[in-house]
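Enquirer: from the sequence below, what's the structure:
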Amino acid sequence: MTMRLSLGLVLMMALPVAAQTEPGSPLAALDAETFDRLTRGRIMGHYDGPWYGAEEYFSGRHVIWQDADGCMAGTWEQRGDQICFIYEDGLPDRCWVYLAEPDGTLSAWFEGDMTGNPIMLREQADPIRCPELAPLS
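Expert: Numbers count the residues shown, from 1 in each chain. Below is the predicted model:
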C-alpha cells in the first residue's frame, strides 16, 4: 500500500471522531469548570430569537436572573452533562446542556433535548437591575 493511500485511510477513519467533538455535538457539552470559566463575572443575555432575559454569574456558582417578570437569585451545579439551575422560586430545577460556539456565544438545550433550536447566550454590557437581590450564599 502506498504512503498516500495509507494516509488517506487514516484521515477517513478519523473523520467520524472529529465530527463528534465539534461544537453542537453532545460530546462537547461544557463541564462545570469550563462553564464557570466562560460565565463567572459576566452578564449573559439569553436569546431564543429576541432577548428574553439575562443572568449574572458570580463566584461560588451563584447567579441572579432577570427578565420582564422580575429577578430571582439562585445557584447552579453540574449533573451529568447538564448544568442545572436552582432558583428560590420553588419551581423544578432547570437543566441545560451548554456548548461553546467559535464566536464566543454559548448555545444551550433545555434538558439536553437537541432536536430543536438552542437558546443562545451572549455577553451583554447592560447591567442586571435587581437592587433588592444579592447572590444566594
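Enquirer: show me where the protein has its helices.
Expert: Secondary structure of the chain (DSSP state H): helices at 3-20, 32-39.
Enquirer: and the longest one, what's its mean pLDDT?
Expert: Looking back up the chat, that one is helix 3-20. Averaged across helix 3-20, pLDDT comes to 31.
Enquirer: again with the shortest one
Expert: Looking at helix 32-39 alone, the average pLDDT works out to 97.
Enquirer: may I ask you to confirm that Leu133 is in contact with Gly70?
Expert: No. Using C-beta atoms under 8 Å as the test, Leu133 is too far from Gly70 to be in contact (9.5 Å). The way it works is simple: take the backbone N, C-alpha and C, and place the C-beta from them, glycine included.
Enquirer: which of those two has more neighbours?
Expert: Taking other C-beta atoms under 10 Å, Leu133 and Gly70 do not tie; Leu133 has more neighbours (16 against 11).
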